[in-house]
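K.L.:
only geometry, no sequence info:
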């Protein structure tokens, strides 16, 4: 029986383990905390990701390794890859971990991106502000996620506050200044590439964020079909250029009918959670198929789907479970402000039926503001 090792023990690892059970797979999770939620469904090795003794134990017990979050040290993935197969490859992980390398790759592949500049000093920040203009966003090149490690600069007068907030990180993880995109929609294409180069993608998904954290996703996005083809092409170009194996998400801004790349997420992705119930093959099972060298599953949709993210605490499950297409996912985490603790997916055969379900759930849970933009998009 094949054992899959997962670096990182959060909800993504948990859902990977659950989706791999029908394939007869075993799992071993490595995390730096003993109460990681994936440990409720798979044995764990607890230790620092940079500790070679812990990594050696992990490697000795698995047949192939992957990861559930992008901040796993790339050097640890490289160390592992010299002992067991690791997918995605450490080089792809390293590229996705550095916003400057990532944006540079997009530009080299002729994938449109907002203007950007590397920032190492306050003088470089001032010069880049003069060139890129405001508003713009100063970000750490590494380690930021869910809106962390960022400072929005609304006017040149904010430069000092931005440098005070993030300047100390310039010598540690580097900084990047990105032009702000006045977009109409936030979209993502979730795709998968196999070890043999086979490539598939799920329908384009529209996303809504609150305070930098995903709040809701709708699939398929209600956009011109040509946009989906463009997003598919960008994702394929990207995956082939870095010999990517597994599932990833390419996050995109839509501005005046044009798609601009925001970032690459080298893992199964929050905006693809709807695939568990809303597609023929979920992102989680297809990721496992890819890293194991198995044939990829069909990514076609089953009806329409909306995923609602639960942040901080879980709401009452009953209104969602009363819906014919309602599906509940509790990650088994302790409630905490800003923490992703679960999600729910509504699936229906038509936009009208999905909209009606969202209205009922939103009213019952007092989540009208969360479901309102999705309902508006469906209409």
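P.N.:
Sure, I can see it. Just so it is clear, the model here is predicted, and its values are computed rather than measured. Numbers count the residues shown, from 1 in each chain.

K.L.:
quick one, what contacts the closest residue to residue 118 other than its chain neighbours?
P.N.:
Residue nearest to residue 118 in three dimensions, not counting chain neighbours: residue 100, with 5.3 Å by C-beta to C-beta, 6 or more residues apart in numbering. The C-beta positions use only the backbone N, C-alpha and C, and glycine is treated the same way. The contact partners of residue 100, by C-beta atoms under 8 Å, 6 or more residues apart in numbering, come to 116, 118, 141, 174, 176.

K.L.:
the same query, at a cut-off of 7 Å, please.
P.N.:
Each residue near residue 100 by C-beta atoms under 7 Å, 6 or more residues apart in numbering is listed here: 118, 141, 174, 176.

K.L.:
next one: the host helix or strand of the last one to chain centre, how far?
P.N.:
In this assignment (DSSP states H and E), residue 176 forms part of strand 175-179. In terms of C-alpha atoms, centre = their mean, to the nearest Å, the centre of strand 175-179 is found 20 Å from the chain centre.

K.L.:
how about residues contacting it?
P.N.:
Residues beyond strand 175-179 that count as contacts (C-beta under 7 Å, 6+ apart) turn out to be 99-100, 114-119, 125, 128, 132, 136-141, 166, 169.

K.L.:
please report how far residue 210 lies from residue 311.
P.N.:
Going from residue 210 to residue 311 by C-beta to C-beta, to the nearest Å gives 8 Å.

K.L.:
gap between residue 320 and residue 284?
P.N.:
20 Å.

K.L.:
who has more neighbours, residue 210 and residue 311?
P.N.:
The neighbour comparison of residue 210 against residue 311 (other C-beta atoms under 10 Å) goes to residue 311, with 21 against 13.

K.L.:
look up phi and psi at that one.
P.N.:
Per-residue torsions, residue 311: phi -120, psi 130 (degrees, to the nearest 10).

K.L.:
tell me the helices and strands packed up against the helix or strand where residue 355 lies.
P.N.:
According to DSSP H and E, residue 355 maps onto helix 351-365. Judged by 3 or more C-beta pairs under 7 Å, 6 or more residues apart in numbering; DSSP states H and E, helix 351-365 is in contact with strand 304-311, helix 318-321, strand 340-348, helix 368-378.

K.L.:
and the third one, what other elements does it pack with?
P.N.:
Looking back up the chat, that one is strand 340-348. Using 3+ C-beta pairs under 7 Å, 6+ apart, strand 340-348 sits against helix 275-278, strand 304-311, strand 326-330, helix 351-365.

K.L.:
just give me the residue closest to the centre of this protein.
P.N.:
Geometric centre of the chain, nearest residue: residue 269, 3.4 Å, by C-alpha atoms, centre = their mean.

K.L.:
that residue reaches residue 192, doesn't it?
P.N.:
No: Residue 269 is beyond contact range of residue 192, at 11.0 Å (criterion: C-beta atoms under 7 Å).

K.L.:
tally of neighbours for residue 351?
P.N.:
Residue 351 sits with 16 neighbouring residues when counted by other C-beta under 10 Å.

K.L.:
nearest spatial neighbour of it, chain-adjacent residues omitted?
P.N.:
residue 378 (4.5 Å).

K.L.:
what sits against the one you found?
P.N.:
Per C-beta under 7 Å, 6+ apart, neighbours of residue 378: 222, 351, 354-355.

K.L.:
so which of those wins on neighbours?
P.N.:
residue 354 (23 neighbours).

K.L.:
pLDDT wise, what is that residue at?
P.N.:
The score at residue 354 is 98. That number is its pLDDT.
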